[in-house]
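> what's the 3D shape of this:
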Amino acid sequence: MANRPTHCTFCDLIRGSAEVSICHEDADSIAFMDIQPVNAGHVLVVPREHYESLLDVPPEIGMHLFRVTMKLAGAVRRVTDCQDMNIVVNSGAAAGQDEPHYHVHIIPRRHGDGFDIPLPFNGSDMPDRTLLDAMAARIIAALRDPMRLQPSNGDGAEAVERSVAVPVFAEKNPPHPSRREGPNRIRALEGAHGELLRDDTADPGAD
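Purely as a prediction, here's the structure:
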């Protein structure tokens, strides 16, 4: 559990120390009506334990909250007769989070209601494909190895030397069976974007 702030309005609601209109509750989550709704039926889905932001929420709780959100979204749609809706998470002050307790918005939408989350964002440019590919490669690398060494700044390109497992799927001249004991281990220099900068796969015993 993340450190609880001196005061959290949602924690007060969960403890029953303030009025709240609950539409769902279980051992790990509670959902209630937003007191300043975009439209009628605006619901907040909240973990019972205090987690400040998305990055603080344990994966199992995050998955549970999403299942509850999906279940409630169908009910909200039927009750409000709104076919359209936004499912919104604001994580952190820069993203517009106004309560220091992680929560998910279920917002029924109607044409002309005045609410908007404009995507694509009009203030953004379309980056070059190479920049998009580089960022995708960095995300893939972070998923594979969350503890990988990161550049010291956003423009750096530090390389990391590591041992890489390379499975061999087919070979023109397969090695002796005694040498087939799992993937070959090589020494490689890996760039900041996960690219292979040096390939040391050459077999020292090869001709």
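
> pull out the buried residues from stretch 103-115.
For stretch 103-115, the neighbour count (16 or more other C-beta atoms under 10 Å) marks 103-108, 110 as buried. Placement of C-beta: from N, CA and C, glycine included.

> repeat for stretch 36-45
For stretch 36-45, the neighbour count (16+ other C-beta under 10 Å) marks 38-39, 41-45 as buried.

> quick one, phi psi at D84?
Backbone torsions of D84, given as degrees, to the nearest 10, read phi -110, psi 150.

> who does it bridge with?
For D84, the beta-bridge partners under DSSP bridges are R109.

> and it, how many neighbours?
11 (other C-beta atoms under 10 Å).

> and M33, how many neighbours?
A total of 14 residues lie near M33 under the criterion other C-beta under 10 Å.

> and the protein, what are its domains?
Listed domain ranges for the chain are 9-109, 129-199 (source: automatic domain parsing).

> show me which pair in the buried residues of stretch 103-115 is furthest apart.
Farthest apart among those by C-beta to C-beta are H103 and R110. That separation is 22.3 Å.

> how much space separates the spatially closest residue to L55 that is not a sequence neighbour from H101?
Nearest residue to L55, sequence neighbours excluded (C-beta to C-beta, 6 or more residues apart in numbering): S91, at 7.1 Å. With distances taken as C-beta to C-beta, to the nearest Å, S91 is found 11 Å from H101.

> need the pLDDT of the closest residue to N39 other than its chain neighbours.
With C-beta to C-beta, 6+ apart as the criterion, N39 has its nearest non-adjacent residue at 4.9 Å, and that residue is P108. You'll see P108 listed with a pLDDT of 97.
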